[in-house]
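Student: Sharing a model prediction with you, sequence too.
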Amino acid sequence: MNRKMLLAGALLALMAAGVFAQGGNPFIGLWNGTGNAAGIGLTLVFTDTSLTMSSKTGSGTGPYTRNGNTATIRGIDSTNATAVVSGSSLTLTWGGSTFTLVRDDGLLPLDGVWSKTDGFGPPTITISGNTATLVSPLTFAETGNVSGSWAPRYNEAVSKGMIKVGDTFIRNIQNTGTDSRGRTTWSCEYVYLPGGNNARLEWRKGVITKKEGIAEFPGLGIYRKIDGYGIRG
């Protein structure tokens, strides 16, 4: 299994377990290497009971034991490692070398308000956690920037009260790592409006991609973050 797959799996495990709040365990979360640790691509992902360590040379997962702000890591290779947390910094002693890592609080960096990049509809959305909700304006502008039959179907659903401000448009947002183009990716389900005479809503599976504050949402298009936090790509 490659490094990206292991890291993505660990991230998904964190989200499924609801362990973003650090609570009493200061290790839980994603840590990125700085200095010599960044040079080797070192990344650590702690759950409450296990650690995934990734670098340019490989990846491994193993258990750890914790005593306050100090963790002893075993099972990744033949060498035990020790990690010490101080605020948002972590010092890892491993194989006779010392590495410094910093906490990455951007496991869900989509949170905030997003608007269409071209200034025309579809609507602004706001994301909190694993859900995106619709914010005014609701209807598409009637411009050449709206292609196909999506806009009329969407506007019809709005006129019939099937879609309104505050409704969930994207749900079950789960981080899946990065793609070959270096974009952060999330799996999700989004509202789909099939064609035909009988307007109805369906939930379909989709993928969100994001890099440097620009994100593409299934069923909506390309958006720019206009408010919120976690703008790292």
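Tutor: Nice, I can see it. Numbering: from 1, shown residues only.

Student: mind showing which ranges of the chain have poor pLDDT?
Tutor: Applying pLDDT under 70 to the chain flags residues 1-24, 75, 77-78, 104-109, 117-122, 137-151, 195-199, 212-213, 227-233.

Student: That one: helices as residue ranges?
Tutor: Using DSSP state H, the helices assigned to the chain run over residues 3-17, 36-39, 150-159.

Student: If we ignore the residues flanking it in sequence, what's nearest residue 43?
Tutor: Once flanking residues are discounted, residue 43 sits nearest to residue 54: 4.6 Å by CB to CB, 6 or more residues apart in numbering. Using the backbone N, CA and C atoms, a C-beta is placed for each residue, glycine as well.

Student: just checking, residue 103 touches residue 88?
Tutor: Yes. If you go by CB atoms under 8 Å, residue 103 and residue 88 touch, sitting 4.5 Å apart.

Student: These two: which has the busier surroundings?
Tutor: Comparing residue 103 with residue 88 by other CB atoms under 10 Å, the one with more neighbours is residue 103, at 19 against 13.

Student: now stretch 203-210, how far from the centre of its chain.
Tutor: Distance of stretch 203-210 from the chain centroid (CA atoms, centre = their mean, to the nearest Å) equals 12 Å.

Student: Using CSV, list the CA coordinates for it.
Tutor: Included here for stretch 203-210 are C-alpha records, laid out as CSV according to Å, rounded to 0.1, in the frame of the first residue of the first chain:
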residue,chain,number,x,y,z
TRP,A,203,-28.5,11.8,-3.7
ARG,A,204,-25.5,10.8,-5.8
LYS,A,205,-21.9,10.1,-5.0
GLY,A,206,-19.3,12.7,-6.0
VAL,A,207,-15.8,14.1,-5.4
ILE,A,208,-14.7,17.5,-4.2
THR,A,209,-11.3,18.8,-5.2
LYS,A,210,-9.5,21.8,-3.8
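
Student: contact partners of stretch 191-207?
Tutor: Stretch 191-207 has contacts (CB atoms under 8 Å, 6 or more residues apart in numbering) with 149-150, 153-154, 156-157, 160, 162-163, 168-171, 176, 185-190, 217-219.

Student: ditto for stretch 32-44
Tutor: With CB under 8 Å, 6+ apart as the test, stretch 32-44 has contacts from 3, 7, 30-31, 51-57, 83, 90, 92, 97, 99-102, 104.

Student: Narrow those residues to those that are buried.
Tutor: Buried members of the contacts of stretch 32-44, counted by 16 or more other CB atoms under 10 Å: 3, 7, 30-31, 51-55, 83, 90, 92, 99-102, 104.

Student: Kindly state the domain boundaries assigned to the protein.
Tutor: 3-104, 112-228 (automatic domain parsing).

Student: Among the contacts of stretch 191-207, which ones are in strands?
Tutor: 168-171, 176, 185-190, 217 (DSSP state E).

Student: possible to save those residues as CSV with neighbour count?
Tutor: Output for the ones in strands among the contacts of stretch 191-207, formatted as CSV (neighbours: other CB atoms under 10 Å):
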residue, neighbour count
168, 15
169, 22
170, 25
171, 14
176, 19
185, 18
186, 23
187, 14
188, 24
189, 18
190, 22
217, 26
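
Student: List just the nearest of those residues to residue 71.
Tutor: For these, the residue nearest residue 71 by CB to CB is residue 176; the value is 26.5 Å.
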